[in-house]
Each structure stands twice: as C-alpha cells, then as structure tokens.
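Undergrad: All I have is the shape, not the residue letters:
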C-alpha cells in the first residue's frame, strides 16, 4: 500500500481543515476501509467528508443499523459497520450499485472473509497522551496481496 496522506489532529477543527485535501484525493466512487479503535474518529471522519460534499442529512454511526445510505448527486454513499457482519454470512459486496458508489466500511477487519473491493484504507490511531489522533490514508496497489494487507492494517503499533 502507498501512503498518500497523513494528518495529525488534536481537535475536530484540525480534521475539518484537512477535509478539502482528503476530498480531492477521494474524488471518484470507490471503497474506503476505515480502521481504528472504538471512539477513534471513524464516523466523525465520514461525517465531515460527507458534509463537505454537501450531503444535508445527519450523518450517524451505522453501529445498530449496520448500513446508512446517502444521496450524493448522481452517486450514492454507503456507510457500513461490519463489526457484526462476520457472523451473518457473506454480504453481496459485488452488487452493481455498491461497485459504482462511495462505500465507507468501518470494522472490515472483523469480517470472516476478505473485503477485496476497497481502493483506500484509512488507519486512525489515538488519541495519544497529548490528545493527538493520526489519520493515515493509503491507496491499495493492485499488487498488494490480501494477506499482506491484513498484516499491515491490523498492526496498531505503527
């Protein structure tokens, strides 16, 4: 995977100020795998990005509903919480509407099968002892093997 963006954010305002840069990177429909511990800022990231893209609806965590769907002009945005999906069987990841949409997946590492359709990976760590969160955006390269990616993304130490 190739690191394409790094942000150190102490406040939500720090994240908001970086959203324009992130939006310019994530400009075409694609999948983004969000990884971070509970409360690290996964849904907050999605909320600010979608508000930047002028989505008017409230953006909430899909923890209980598992999926939220938002209209974005000619496109659709799906926000999925995969924490409990691993035990529900394989969802239809390859359905045509999902493949042509922005799809944000939280907790994909809990799936019992590989999520191979993502292009982007956002790793969120922190807050550290100074209250700083780190947002690292990676682009998946075609040569990345799923096993290698799992090793890299599940390692919270880096």
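TA: Nice, thanks for sending it over. Note that the structure is predicted; figures quoted are calculated from it, not measured. Numbers count the residues shown, from 1 in each chain.

Undergrad: how distant is the strand or helix carrying residue 5 from the center of its chain?
TA: According to DSSP states H and E, residue 5 maps onto strand 2-9. Strand 2-9 sits 13 Å away from the centroid of its parent chain (Cα atoms, centre = their mean, to the nearest Å).

Undergrad: give me the element the closest residue to residue 55 other than its chain neighbours is part of.
TA: Spatial nearest neighbour of residue 55, chain neighbours left out: residue 70 (5.0 Å); criterion: Cβ to Cβ, 6 or more residues apart in numbering. Glycine gets a C-beta too; all of them are placed from N, C-alpha and C. Element membership of residue 70, judged by DSSP H and E, is strand 67-72.

Undergrad: Let me know the pLDDT of the residue nearest to the spatial centre of the chain.
TA: Closest to where the C-alpha atoms of the chain average out (Cα atoms, centre = their mean) is residue 34, at 3.1 Å. Note for residue 34: predicted pLDDT of 89.

Undergrad: from memory it sits against residue 106, does it?
TA: Yes: Residue 34 is within contact range of residue 106, at 4.9 Å (criterion: Cβ atoms under 8 Å).

Undergrad: In this protein, mark out all the helices, start to finish.
TA: Here the chain has its helices, by DSSP state H, at 12-25, 42-52, 96-99, 146-153.

Undergrad: now those helices as JSON lines including distance to residue 82?
TA: Shown next, in JSON lines, are these (distance: least, Cβ to Cβ, whole Å):
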{"stretch": "helix 12-25", "distance to residue 82": "21"}
{"stretch": "helix 42-52", "distance to residue 82": "11"}
{"stretch": "helix 96-99", "distance to residue 82": "13"}
{"stretch": "helix 146-153", "distance to residue 82": "13"}
